[in-house]
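Novice: Any chance you can model this:
(chains A and B)
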Amino acid sequence: MPASVAHTSAPTSHHYTTLGLDSRKVAIWAFIGSECMLFVSLISTYLIYKGRSIVGPFPHETWTDPATGHVFKPILNIPVTSASTFVLLMSSLFMVLALAAVQNKEKPKHTRGERVLGNSKLWLWMTASAGATFLGFQAFEFTSFVHEGLSIRTNLFGSSFFTLTGFHGAHVTAGVIWLVTLLAIDYRRGLGSKDSLLVDIAALYWHFVDVIWIVIFTLVYLIK
Amino acid sequence: MATTARPAPKHSPDAYGEHSGLWSWLSTVDHKRIGVLYLYTALFFFMFGGVEAIIIRAQLGAPNQHLVSAEFYNQLFTMHGTTMIFLAIMPLSAAFFNFLIPLQIGARDVAFPRLNAFSYWVYLFGGIFITIPILFAVAPNDGWFGYAPLTTRAYSPGINIDFWVIGLLILGVSSLAAAFNFLTTIINLRAPGMTLMRMPMFTWMAFIVQVLLVLAFPVITIALVFLLFDRFFGTNFYNTVSAGADPLLWQHLFWIFGHPEVYILVLPAFGLVSEVLPTYSKKPLFGYPVMVYSGILIAVLGFGVWAHHMFAVGMGPIADTFFGLTTMLIAIPTGVKIFNWIATMAQGSIRYTTAMLFGIGLVALFTIGGISGIMHASPPADLQQTDTYFIVAHFHYVLFGGSIMGIFGGIYHYFPKITGRLMDEKLGKIHFWLTVVAMNLTFFPMHFSGMLGMPRRIYTYDAGQGWDLFNAMSTAGAMIFPIAMLVFIYNFFVSRKRGEIAGSNPWGAGTLEWTIPSPPPEYNFAKIPTVTSRYPLWEGKGIDYECARINSQEGKTPADLGIVMPYSTIKPLFVALGLVTMFCGLIFARALIGVGAALMIFSLYSWLLSPLEPEHH
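Specialist: Numbers count the residues shown, from 1 in each chain, chains lettered A, B, ... in the order given. Alright, predicted model coming up:
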């Protein structure tokens, strides 16, 4: 693998294309279109099943188990998830800075500020770390739900909630792996402006995953 | 331009010679060879699904027969539908997408040659995965639509449905990867001057189909993931008994995918016929822009009609009315296409070649299926017809009379471009007429048995209900299909070896793929042409004769011309193998999940970090 990394140089877009764009850029948009339908299906199912669970725990209401008399509090922890949402949103800002740093790699840097902004490794690290932090929050959320008595098998809410947010988490995981791969290339041979397409398509994916989270956060957590 | 015998050119039909051998096929990234792989594999599965159909018809030939058990009968009809839709018709279309799209738009390959190989290998392995169980009588047995909650573990405890769920998830990966690839190819690799409104109609229909695939397949993927989770991890998506799940959730998700899927199956055939009819009528396609718009309209409306598969579940008068009306609306753009094809033929100088006969066959037979479709677009009529053989008759006229007739027309039309040799016309016509007789004798009587109340999916029936004669006729018709297919297969393989040399444009067609040698050199176009009209070979104006001369040269290697070709690579095959191994792990041994994932991730990284083609300057 190390030998082949060196070959992963500039996108070979010397070929003629109709739009003048690299085909990978067109494909990532088609992919994002398809992913929209994936999440639309998941989110619709969540909404259809909202309020239809026969037993608790419920997302926003307390529930008393008639058999044991145990009282389950509303299970969603909005302050904690707001914090993780903030971290994920910040990661999009870091992603923008990472792309800008790669695009402007060859421009001379004079001030300390310019050098910090032009440090692609820093911003890729920040983006990946923010993504990993979000995943940490999600792991914490999932385990605490299970301890409180909500698993993927408990009720319709549990099934649709864990599947929807789990699918999103899997997308974030894939994104973090993608970013770490870019970082590895950056450490190995340095990402330059000729590589900006590689970062650009990763960024499009990352922003998409972020936007989907805003929709999920609003529909699942904020609207009661 | 009648075909005359001529000496074999240097770039002869056997010119794949230098790239022959098993390894070259396993590692190919050439869209034309991948197209050929799709063609052979899909024809194999088409015959496999055909054998299943013949056993079904043998069982139903007379009342109270017990050739197969009720359980095995369920497996037969489930796998017949699944095989024909996902393993035969869609990949036969994919064979044409692969072979033709780059040639019709003036490109050297698809946008992502290695992804293209990956799509094929996933299809092959997924197809084997879902087909093997029937050999051991443990095949999926709940119908190709797999209605949950019937398919949940509570009601289908065996591994039968596990194969179905996982098999379709695997095949979905193949379809989606191919769709992103072709969509990007059509958007971004058109030759200079190949504007959207100059694209050949097949490429247009292919374009629309890729959009449908990209938008419809994620929905079935999620429906299948829910079912997988229900079966393996005990979730409640379809658990109507103890968790209060909605019994219609699966049906809605499935048919939001399932109805666009119908157009995914038939639009490629419409595209092929739109190439065939103008060629043998010596007239440009009538109403080209309207054909484009009607195709788009069919695709858009196709997402708004899904619940017409569900009139019997009692959705209420408003939903029934809405979906009845949208279904009737979709007949308008479809009817426009039929009339445009007829107008294309009108006053043309028609040559009744085999391809043309199949093309006319599509126009005639698809129309019958279309008309019966309008009949059950009306909910009250549908309540009488649903789940009867009338529906079976309807969709076989649409899928056999539409898709398969169009695909056979396409095979006869493009065989010379693929192999460099012509198929035998006399045998071709025998194949055509046997197919038409078999098709109508099998499926037309089903309209009557259905109207007389014969339900679908019953493994046998009592005498004296008025169904005996019609079933005997259907069975007699079904027995003609194998004869027709034998004629076709014989013709196919003999012509491939000994057919008349075709030359670059044996039919006198007008589009770009006919300007280059048959079979095309691996780089397709020595010089990327500049396109100035819809039928460059017919309209002639502004044709670049120097470019045409260069492109018709035979026997040049890419090195002679300074063209950079992608490396062949086995890596996409290994990624596909890893993916399918991972899924197999769910059924056989959990350890396989880790092995498959490791193989997939390692091969994927190796693929992504190695260059597509040599550096060029």
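Novice: so when I look at residue A:110, I'm seeing a strand, right?
Specialist: No - assessed with DSSP: H, G, I helix; E, B strand; the rest coil, residue A:110 is coil; it does not lie in a strand.
Novice: Show me which residues of the helix or strand harbouring residue B:74 are buried.
Specialist: Element membership for residue B:74 (DSSP states H and E) is helix B:70-82. Neighbour counts over helix B:70-82 (16 or more other Cβ atoms under 10 Å in any protein chain shown) mark B:72-82 as buried. C-betas here are computed from N, CA, C, even on glycine.
Novice: quick check, nearest of the residues you listed to residue A:18?
Specialist: Nearest to residue A:18 out of those is residue B:82 (Cβ to Cβ; 37.1 Å).
Novice: Once you drop chain neighbours, what's closest to that closest one?
Specialist: residue B:144 (4.7 Å; Cβ to Cβ, 6 or more residues apart in numbering or on different chains).
Novice: Measure how buried the one you found is and give me the count.
Specialist: Residue B:144 sits with 18 neighbouring residues when counted by other Cβ atoms under 10 Å in any protein chain shown.
Novice: Now do it against residue B:289, distance only.
Specialist: Applying Cβ to Cβ, to the nearest Å, the value for residue B:144 to residue B:289 is 36 Å.
Novice: if I look at residue B:600, how far off is residue B:594?
Specialist: 11 Å.
Novice: repeat for residue B:230
Specialist: Distance of residue B:230 to residue B:594, computed by Cβ to Cβ: 24 Å.
Novice: More neighbours: those two, which one.
Specialist: Between residue B:230 and residue B:594, counted using other Cβ under 10 Å, the more crowded position is residue B:230 (26 against 12).
Novice: show me the contacts for residue A:49.
Specialist: For residue A:49, the contact set (Cβ atoms under 8 Å, 6 or more residues apart in numbering or on different chains) comprises A:156-157, A:159-160, B:245-246.
Novice: Need phi/psi at it.
Specialist: With angles defined as degrees, to the nearest 10, residue A:49 sits at phi -90, psi 0.
Novice: Residue ranges in the chain under the pLDDT threshold?
Specialist: In the absence of a named chain, chain A is used. For chain A, the stretches with pLDDT under 70 are A:1-14.
Novice: let's do chain B instead
Specialist: Residues of chain B that meet the cut-off, pLDDT under 70, sit at B:1-19, B:540-543, B:616-617.
Novice: by contact count, what packs against the helix ranked longest in chain A?
Specialist: Counting residues, the longest helix in chain A under DSSP state H turns out to be helix A:156-189. Applying 3 or more Cβ pairs under 8 Å, 6 or more residues apart in numbering or on different chains; DSSP states H and E, one finds that helix A:156-189 contacts helix A:2-5, helix A:23-49, helix A:120-148, helix A:196-216, helix B:201-233.
Novice: from those helices, which stretch is densest packed?
Specialist: Ranked by mean neighbour count, these are led by helix B:201-233 with a mean of 24 (mean count of other Cβ atoms under 10 Å in any protein chain shown).
Novice: counting contacts, what elements does that helix pack onto?
Specialist: Using 3+ Cβ pairs under 8 Å, 6+ apart: helix B:201-233 touches helix A:23-49, helix A:156-189, helix B:90-105, helix B:160-188, helix B:249-281, helix B:288-302.
Novice: Near chain A, which residues of the stretch 251-400 of chain B? Just list them.
Specialist: residue B:253 (Cβ under 8 Å from any Cβ of the partner chain).
Novice: Can you name the residues that contact the residue positioned nearest the centre of chain A?
Specialist: Chain A has residue A:172 as the residue nearest its centroid, 3.4 Å off, counting by Cα atoms, centre = their mean. With contact taken as Cβ under 8 Å, 6+ apart, residue A:172 is in contact with A:88, A:131, A:134-135, A:138, A:209.
Novice: try it again with 10 Å
Specialist: A:88, A:91, A:130-132, A:134-135, A:138, A:206, A:209-210, A:212-213 (Cβ atoms under 10 Å, 6 or more residues apart in numbering or on different chains).
Novice: which of those lies closest to chain B?
Specialist: Lowest distance from chain B to the contacts of residue A:172 (Cβ to the nearest Cβ) belongs to residue A:212, with 12.8 Å.
Novice: Quick one: residues contacting the residue in the stretch 301-450 of chain B positioned nearest to chain A.
Specialist: With Cβ to the nearest Cβ, the shortest gap between the stretch 301-450 of chain B and chain A falls at residue B:303, namely 10.2 Å. Residue B:303 makes contact with B:212, B:215-216, B:219, B:256-257, B:259-260, B:263, B:326, according to Cβ under 10 Å, 6+ apart.
Novice: Also residue B:559?
Specialist: For residue B:559, the contacting residues are residue B:565, by Cβ under 10 Å, 6+ apart.
Novice: Now the element after the helix or strand harbouring it, going C-ward?
Specialist: Here residue B:559 sits within helix B:558-561, counting by DSSP H and E. For helix B:558-561, the succeeding helix or strand toward the C-terminus, using DSSP H and E, is helix B:571-587.
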